[in-house]
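Colleague: mind looking at a prediction? Sequence and model below.
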Amino acid sequence: MRLPRLGALAFCLFAAAAPASAETLIVGNEGTYPPFSMKQPDGALVGIEPDLVREMCKRMAIECEFSVMDFQALIPSLLQGKIDMLGSQLTPLPERKAKMLFAKAIIFNHDTFVYRTDKTYDFANKEAMKDVVIGVQSGTPQAKYVQTTYGDVLTPKLYTNPDQMRLDLLAGRLDMVFGANLNWTSSLIDKPEGKDWRLADFTVWTGDPTLPEAERGSSWTVPKGKEALVEKMNAALEAMLADCSFTKIREKYLSVPISPDEKACVGKAG
């Protein structure tokens, strides 16, 4: 916008009087990962993670704007500087940690298989899994796990988001899916249409195998060199966990804790 012609002194006084613009973070999120993130028909982004991000940013006194995109586009967008923060849970992997900084682990949500209750599978027997049609989300550690574990006897079917996977599972185009336990519990098993489906009786950690058990959770990330931002994020998240606002937000969407740090707040957040 072209400024009106003012004298130099008047312009300087105007500039000095104008409030400094607040820092704004562009936060990437996929919006198709219930109950953690969902895009409503009116375009509003809701869910555990968007609500937690908003509260975190409020405590850091930083403005946050969401940029919603396919999961596969999130990491490239962060590394290319198109977004400032990835506010969609990311599993720590060595190759990811080499390129990004991970904030405090806040979502402990290991993976499992979902399949019909009238079927049985011997997951430890690779030959018994031959030709089983498994759906996984493309570009994820889950996809890598299925490919590494069973890739010589089957070819996993790749999807851009869990909604498409769930539709194909219910339609019989998939024998099973492999994905995050809490998400599939909330989006299928706990719903009426989930009565004929079950979770495997084990979970798998598909992240960095060198991490101690207590640290095997997913996080939000920022580019390398943003250590000060990660420190602010961690301080805000720890405060939210301590005063139970983290749990209060989570309970709006999911009845079970997502972090062991919620222990003191369970049943007290409301």
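Modeller: Looks like it arrived, so ask away. Numbering: from 1, shown residues only.

Colleague: next, the buried residues of stretch 244-259.
Modeller: 244-251, 253-254, 257-259 (16 or more other Cβ atoms under 10 Å). Heads up, the C-betas are built off the backbone N, CA and C, glycines and all.

Colleague: from those residues, which land in helices?
Modeller: Among those, the ones falling in helices (DSSP state H) are 245, 246, 247, 248, 249, 250, 251.

Colleague: confidence score at the first one?
Modeller: By that I understand residue 245. pLDDT for residue 245: 97.

Colleague: with adjacent residues omitted, what lies nearest to it?
Modeller: residue 55 (6.2 Å; Cβ to Cβ, 6 or more residues apart in numbering).

Colleague: three-state assignment of that neighbour?
Modeller: helix (DSSP: H, G, I helix; E, B strand; the rest coil).

Colleague: distance of it relative to residue 74?
Modeller: 21 Å (Cβ to Cβ, to the nearest Å).

Colleague: compare neighbour counts for the two and give me the winner.
Modeller: residue 74 (23 against 18; other Cβ atoms under 10 Å).

Colleague: that one is in contact with residue 85, isn't it?
Modeller: No. Counting by Cβ atoms under 8 Å, no contact exists between residue 74 and residue 85, whose distance comes to 10.3 Å.

Colleague: what is in contact with those two at once?
Modeller: Shared contacts of residue 74 and residue 85 (Cβ atoms under 8 Å, 6 or more residues apart in numbering): residue 28.

Colleague: any idea where the helices of the stretch 51-200 of the chain begin and end?
Modeller: Secondary structure of the stretch 51-200 of the chain (DSSP state H, counting those that start in this stretch): helices at 71-79, 94-97, 141-150, 162-170, 181-184.

Colleague: OK, contacts around the closest residue in space to residue 259 that isn't next to it in sequence?
Modeller: Among residues not flanking residue 259 along the chain, residue 106 sits closest, at 5.2 Å (Cβ to Cβ, 6+ apart). Contacts for residue 106 were tallied using Cβ under 8 Å, 6+ apart; they are 52, 89, 217, 218, 219, 220, 237, 241, 246, 258, 259, 261.

Colleague: from residue 238, how far out is residue 106?
Modeller: Residue 106 is 10 Å from residue 238, by Cβ to Cβ.

Colleague: quick check: can you list the domain ranges of this structure?
Modeller: Segmentation of the chain into domains, based on automatic domain parsing, reads 23-108+212-262, 111-199.

Colleague: for residue 206, find the nearest of those.
Modeller: domain 111-199 (3.7 Å; Cβ to Cβ).

Colleague: for this structure, longest helix please?
Modeller: helix 227-242.

Colleague: which of the residues in that one are buried?
Modeller: Result for helix 227-242 [16+ other Cβ under 10 Å]: buried residues 229, 230, 232, 233, 236, 237, 240, 241.

Colleague: kindly report the same for stretch 42-61.
Modeller: Buried residues in stretch 42-61 (16+ other Cβ under 10 Å): 45-57, 59-60.
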